[in-house]
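>>> predicted model follows, preceded by the sequence.
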Amino acid sequence: HSTTPPTTPPTTPPAAKAAPAAVVATARDAFRSGVTKPYAWRETQLRSLRRMLIDHELELAAALRADLAKSTDEAWLTEIGFVVNEIDHTLRHLRTWLRPRRVSVPLWMAPARAKLVREPLGVVLVIAPWNYPLQLLLAPLVGAIAAGNAVVLKPSELAPATSAELARLIPEHLDRAAVHVVEGAVEETTALLAEPFDHIFYTGNGAVGRVVLEAAAKHLTPVTLELGGKSPTFVDEGAHLEVAARRIVWGKFTNAGQTCVAPDYVLGTRPVLDALKPHLVAAIEEFYGADPSVSESYGRIVNERHFHRVKGHIEPHLVHSGGRHDVETRYIEPTILDGVTLDSPVMQEEIFGPVLPLVEVSGVDEAIEIINDRDKPLALYVFTERAQTMNRFVRDTSSGALNVNVPVVHLGVPDLPFGGVGASGMGSYHGKRSIETFTHAKPVLRQATRPDTTAFVYPPFTTFQRRV
Ligand code: NAD
């Protein structure tokens, strides 16, 4: 009687990751099958995405904490809850947004009828960055599926925990044939970009933006580029400095300064800057305590490369407050620099970290000149109590958006299109604009056959035709 040797349980090989080309082909088949077009599919997908965010909030928040030390509340406010709001707003209005729009026809064409029908584009590629790795992947997804497209999502490899969590949850909750996640870095993204898409939606830096635009040109693929750059803040004489300081500090140091619409630097006259400084320092202490390194509400720099880059901007002779850092934890203290000039290194690139330079100007005119000498910003902030100052900025500057007396919050208005202009990007999204971005408004014209009113334009031509 022989004992049977213990059998090893059959091992399932790790699911091989499908090659980008195969993923895109699957998405295209799904789109061609027509499954994504009915309103019911779109609604089901949006509700399912909403459920995913609610049911798995804690896992997602933990991933965001692992990547960027975001607190659970901040993760809800700026990422998870943000997308839930975008879904709710979309579900409330989607039927109206999708309704064909009647267009009147010239009299000689009567009784023809014309309308605009919003048709989905097909397969959409969404490429997201690491700083709001959930929001910036899923907010475009909301628009793309609401518009009836199949979607391929490419999360940022620099937020690996969030990328992995989304790659796990999305196939469990959304239509696996039509919505795909491809994780990876340059190699995988390059492979994806070689494939034909019907729209590419890219958020990130301008250097990669150029790579995306070139790849898109090969297939004549339309693109949305959500880029960044330095978003200036001007503080006017007579501005409410205490409120300005609190709002600037909030906008700047949330996510440790790694926000595309964070106030990058502050322009003001010397008296304004000197009066503003104590309020800035007080607001930092109020929000993050005397030692922000132990604050639950203060984030960390995403990786060592960015840590050293941001740390390099802290020139000791310019430090007004803050300036401490710790490479082990990638901590950089909220830092205010004063006496910064336009040729300082910190003024040559988007800071994208918790360092706030104060730059002295002679007044409104010089501030506007400085802004117009540079790339068009993604956002421009003006703190003023004077309508005249506000109107000067509205009329004489160009930016993705202009906010008066508050930074960042324009993102929270779902029907304000969000996007840049010039170097800060092309195209926009959120709310209704997402539907416009991810659909084609197709003219559909129908002419009756009896009587044949088109006969007016048939040859042989007569002078009568010139009058119609
Ligand atoms: P990132 O490094 O995560 O890159 C963004 C995406 O591009 C990633 O998915 C990455 O895999 C991919 N990528 C990187 N190199 C590539 C290459 N050579 N070819 C193809 N794909 C490539 O993020 P980032 O660019 O550091 O993001 C920060 C920038 O994004 C800042 O400039 C910021 O202002 C901007 N930003 C803009 C918005 C906006 O909504 N307008 C939002 C957030 C960030």
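On my side now, so go ahead. Residues are numbered from 1 along each chain as shown.

>>> next, the residue lying closest to Gly422 once chain neighbours are set aside: phi, psi?
Once flanking residues are discounted, Gly422 sits nearest to Lys376: 3.4 Å by Cβ to Cβ, 6 or more residues apart in numbering. To be clear about C-beta, it is placed using only N, CA and C from the backbone, and glycine gets the same treatment. Main-chain dihedrals, Lys376, degrees, to the nearest 10: phi -60, psi 120.

>>> can you count the residues close to Lys376?
Around Lys376 there are 18 other residues, counting by other Cβ atoms under 10 Å.

>>> equivalent analysis for Asn303, please.
Count around Asn303 with other Cβ under 10 Å applied: 14.

>>> cool, and the one 5 residues further on?
Residues near His308, counting by other Cβ under 10 Å, number 13.

>>> the ligand contacts on this protein?
127-131, 136, 154, 156-158, 185-186, 189-190, 203-205, 208, 211, 226-228, 260, 350, 352, 378, 420, 425 (Cβ under 6 Å from any ligand atom).

>>> mind checking which of those residues are in helices?
Leu136, Val186, Thr189, Thr190, Val208, Val211 (DSSP state H).

>>> what sits against the first one?
Spelled out, it's Leu136. Ala128, Pro129, Thr203, Glu226 (Cβ atoms under 8 Å, 6 or more residues apart in numbering).

>>> could you pull out the helices for the stretch 1-150 of the chain?
Ranges of helices within the stretch 1-150 of the chain are 20-33, 39-55, 57-68, 72-75, 81-98, 135-146, based on DSSP state H, counting those that start in this stretch.

>>> am I right that Gly339 is in a helix?
No: using DSSP: H, G, I helix; E, B strand; the rest coil, the secondary structure at Gly339 is strand, not a helix.

>>> burial count for it?
For Gly339, using other Cβ under 10 Å, the count is 15.

>>> which single residue of the stretch 1-150 of the chain ends up nearest the ligand?
Pro129 (3.1 Å; Cβ to the nearest ligand atom).

>>> nearest residue to that residue other than its sequence neighbours?
Pro129 sits nearest to Gly204 (Cβ to Cβ, 6+ apart), 4.2 Å away.

>>> hmm, that neighbour is touching Val126, no?
No: Gly204 is beyond contact range of Val126, at 11.3 Å (criterion: Cβ atoms under 8 Å).

>>> of these two, which one has the most company?
Val126 (25 against 21).

>>> list the contacts for that one?
Val126 neighbours (Cβ under 8 Å, 6+ apart): Leu137, Pro140, Leu141, Ala144, Val151, Val152, Leu153, Lys154, Phe201.

>>> confidence score at it?
Note for Val126: predicted pLDDT of 99.

>>> and it, how far from Leu166?
11 Å (Cβ to Cβ, to the nearest Å).

>>> for Leu125, same thing?
15 Å.

>>> when these two are compared, which one has more neighbours?
With neighbours defined as other Cβ under 10 Å, Leu125 and Leu166 compare such that Leu125 has more, 31 against 25.

>>> joint contacts of Val126 and Leu166?
With Cβ under 8 Å, 6+ apart, Val126 and Leu166 have common neighbours Leu137, Leu153.

>>> from the contacts of Val126, which is closest to His320?
Proximity of the contacts of Val126 to His320 (Cβ to Cβ) peaks at Leu137, which lies at 36.7 Å.

>>> and the pLDDT at that closest one?
98.

>>> that one and Leu166 touch, don't they?
Yes: counting by Cβ under 8 Å, Leu137 touches Leu166, with 6.5 Å between them.

>>> could you tell me which residues touch both of these two?
Leu153, Pro155.

>>> neighbours around the residue of the stretch 1-150 of the chain closest to the ligand, how many?
22.

>>> go on, Pro414?
Counted with other Cβ under 10 Å, Pro414 comes out at 20.

>>> which non-adjacent residue is nearest it?
That would be Gly431: by Cβ to Cβ, 6+ apart, it lies 3.8 Å from Pro414.

>>> how about the contacts made by that neighbour?
Contacts of Gly431 by Cβ under 8 Å, 6+ apart are Glu86, His89, Thr90, His93, Pro414, Asp415, Leu416, Pro417.

>>> thought Val24 was touching Phe197?
Yes: between Val24 and Phe197 there is a contact under Cβ under 8 Å: 7.3 Å.

>>> so what sits against both of those two?
What both Val24 and Phe197 touch, as defined by Cβ under 8 Å, 6+ apart, is the set Val123, Val152.

>>> more neighbours: which of the two?
Using other Cβ under 10 Å as the criterion, Val24 and Phe197 rank with Phe197 on top: 27 against 23.

>>> tell me how far the more buried one lies from the ligand.
As for Phe197, its distance to the ligand is 13 Å (criterion: Cβ to the nearest ligand atom, to the nearest Å).

>>> Three-state assignment for that residue, please.
coil.

>>> isn't Leu213 right up against Val223?
Yes: between Leu213 and Val223 there is a contact under Cβ under 8 Å: 5.9 Å.

>>> those two: which is more packed in?
Under the neighbour definition other Cβ under 10 Å, Leu213 and Val223 were set side by side, and Val223 has more, 19 against 16.

>>> and the more buried one, what are its phi and psi?
phi -130, psi 150.

>>> right, and it touches Phe201 too?
Yes: under the criterion of Cβ under 8 Å, Val223 makes contact with Phe201 at 7.5 Å.
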